[in-house]
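> here is a sequence together with a model predicted from it:
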Amino acid sequence: MKTKITILFLLFATVIINIFIFANSFDDVQESYEKSDVVTNVVESMVSEQNKVDWNLNKIIRKSAHLFEFALLGITVTLCLYLIKRCYSKRFYGLGCFYVLAIAVLDEFIQSFSDRTSSVRDVLLDFGGFIVGAFILSICVAVFRIISKRKEKKCLN
């Protein structure tokens, strides 16, 4: 019962992350740049004048946002599918890849209606964010399993 509630919570979190992604996609160019300018100004204020490099910080922040939001999506989708596999002994990981790729393509498609450019690079970056999130989650699950096995062995001794 506890696992089913966790799965439902993860599905809800996945829907919320999707809504967040699509809400950002509906922003026009000016609104999108205003949002990223706020973050850029915060980052620039934290970096001293001596350490500033002549990079396009706004572009880096915009691309990092893509990576971050899809990494969060990757974590929730992968964890949900991991729990489903554990409960129902089915392999659904391929569905997670197709799902996130479809969301990334739909995200870029929506952007094309709001006078923003849509690009295959962004789709690849979004999918890369999913891979990063799934990889981080896989490492965390592996570490958790190793720690729990060690605790189990100590209890048996």
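The structure has been received and is ready for your questions.
> can you list contacts of the least confident helix or strand in the chain by mean pLDDT?
For the chain, counting by mean pLDDT, DSSP states H and E, helix 29-46 ranks last in confidence among helices and strands (a mean of 80). Helix 29-46 has contacts (CB atoms under 8 Å, 6 or more residues apart in numbering) with 24, 27, 52, 57, 58, 61, 62, 65, 114, 115, 116. In this view, the C-beta of every residue, glycine as well, is placed from N, C-alpha and C.
> do that again at 10 Å, thanks
With CB atoms under 10 Å, 6 or more residues apart in numbering as the test, helix 29-46 has contacts from 24-28, 52, 56-65, 111, 114-117.
> for the following helix or strand past that helix, name the packing helices and strands.
Heading C-terminal from helix 29-46, the first helix or strand you meet, by DSSP states H and E, is helix 57-88. Taking 3 or more CB pairs under 10 Å, 6 or more residues apart in numbering; DSSP states H and E as contact, the helices and strands that helix 57-88 lies on are helix 2-25, helix 29-46, helix 93-111, helix 120-156.
> how about these, which one is nearest residue 69?
Set against residue 69 and scored by CB to CB, these come closest in helix 2-25, at 5.6 Å.
> just want the angle from that closest one to helix 93-111.
Counting by axes from the mean of the first three to the mean of the last three CA atoms, to 10 degrees, helix 2-25 points 20 degrees away from the direction of helix 93-111.
> need the CA coordinates for helix 2-25. CSV is fine.
What follows is helix 2-25, C-alpha atoms only, in CSV (Å, rounded to 0.1, in the frame of the first residue of the first chain):
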residue,chain,number,x,y,z
LYS,A,2,2.8,2.4,0.9
THR,A,3,4.5,1.8,-2.5
LYS,A,4,1.3,2.5,-4.4
ILE,A,5,0.9,5.8,-2.5
THR,A,6,4.5,6.6,-3.4
ILE,A,7,3.9,5.8,-7.1
LEU,A,8,0.8,8.0,-7.1
PHE,A,9,2.8,10.9,-5.5
LEU,A,10,5.5,10.5,-8.1
LEU,A,11,2.9,10.5,-10.9
PHE,A,12,1.5,13.7,-9.4
ALA,A,13,5.0,15.2,-9.2
THR,A,14,5.6,14.2,-12.8
VAL,A,15,2.4,16.0,-13.9
ILE,A,16,3.4,19.1,-12.0
ILE,A,17,6.8,19.2,-13.6
ASN,A,18,5.2,18.7,-17.0
ILE,A,19,2.9,21.7,-16.3
PHE,A,20,5.9,23.8,-15.3
ILE,A,21,7.8,22.8,-18.5
PHE,A,22,4.8,23.6,-20.7
ALA,A,23,4.0,26.8,-18.9
ASN,A,24,7.5,28.0,-19.6
SER,A,25,7.1,27.0,-23.2
